[in-house]
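K.L.:
Sequence first, predicted model second:
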Amino acid sequence: AVAELRAGAVVAVPTDTLYGLACSASCSEALGAVYRLKGRSEAKPLAVCLGRVADIYRYCHVRVPEGLLKDLLPGPVTLVLERSEELNKDLNPFTPLVGIRIPDHAFIQDLVQVFGGPLALTSANLSSQASSLNVEEFQDLWPQLSLVIDGGPIGDGQSPEYRLGSTVVDLSVPGKFGIIRPGCALESTTAILHQKYGLLPSH
């Protein structure tokens, strides 16, 4: 999988919430391929998948306590932070922010660490179609992928809450949090942000 990613390919991977499509975040051609094969609007950002919380400081300007990051990650949450100059300018060029994912899934954490750089990550499905909890559900995309890693069904393979994907939280404004997508971990995430760290909802 690492060899394919280094060669600029798009691969399908299991995560803690859904099956995803991953490619090197540093490879502009691969980023374009992800948008094409999903039929996704180029105005919709891709998340960045990292292997460890420590890596976030390289790719983002962090204005929340490290404990907060460690309370939420790894886990089914995407944290939206201000991006640093380290990220490829062709990744989401229309926004100064970036969504960071560290899935609670040993395979993808190992994959990112062996790869040695950020991966762009999005759900493995055509845009606007249902998200995938097993590899058969996105078999229309298989011919366009270099590799499909079958980690078996995610969750019980059908629970609707898994299909919601990760909870996406904007932490780019100091002292505030904004829920961009409720996702599958809304209550636990909100409790940590509000009760433990005293952040206020931005809406």
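P.N.:
The structure has been received and is ready for your questions.

K.L.:
ok, which stretches of the protein are helices?
P.N.:
Ranges of helices in the chain, per DSSP state H, are 2-6, 28-38, 56-59, 66-72, 106-115, 160-163, 186-191.

K.L.:
among those, which is nearest L133?
P.N.:
L133 sits nearest to helix 160-163 of all those, at 5.7 Å, using C-beta to C-beta. The C-beta positions use only the backbone N, C-alpha and C, and glycine is treated the same way.

K.L.:
Tell me how many other residues surround the spatially closest residue to C60 that is not a sequence neighbour.
P.N.:
Spatial nearest neighbour of C60, excluding adjacent residues (C-beta to C-beta, 6 or more residues apart in numbering): L81 at 4.0 Å. Counted with other C-beta atoms under 10 Å, residues neighbouring L81 total 23.

K.L.:
Return the distance of L81 relative to S41.
P.N.:
22 Å (C-beta to C-beta, to the nearest Å).

K.L.:
buried set for the helix or strand of the chain with the lowest mean pLDDT?
P.N.:
In the chain, no helix or strand scores lower on mean pLDDT, DSSP states H and E than helix 160-163, which sits at a mean of 86. Buried residues in helix 160-163, defined by neighbour count with 16 or more other C-beta atoms under 10 Å: 162-163.

K.L.:
now swap in stretch 111-121 and tell me
P.N.:
Neighbour-count burial for stretch 111-121 flags 111-112, 115, 117-121 (criterion: 16+ other C-beta under 10 Å).

K.L.:
same question, stretch 125-141
P.N.:
125, 131-135, 137-138, 141.

K.L.:
Could I get the average pLDDT for stretch 176-185?
P.N.:
Confidence for stretch 176-185, expressed as mean pLDDT, is 97.

K.L.:
And the contacts of it?
P.N.:
By C-beta atoms under 8 Å, 6 or more residues apart in numbering, the surrounding residues in contact with stretch 176-185 are 17, 75-78, 80, 161-162, 164-171, 186, 190, 193-194, 199-203.

K.L.:
just stretch 126-135 next, same as before
P.N.:
Applying C-beta under 8 Å, 6+ apart, the contact partners of stretch 126-135 are 12, 18-19, 38-41, 44, 123-125, 137-138, 140-141, 148, 150, 152-155, 157-159, 162-163, 165.

K.L.:
taking the residues you listed one by one, which sit in strands?
P.N.:
12, 19, 123, 148 (DSSP state E).

K.L.:
quick one: which two of those are the most distant?
P.N.:
The distance between the two most remote of those (C-beta to C-beta) is 14.2 Å, for S123 and V148.
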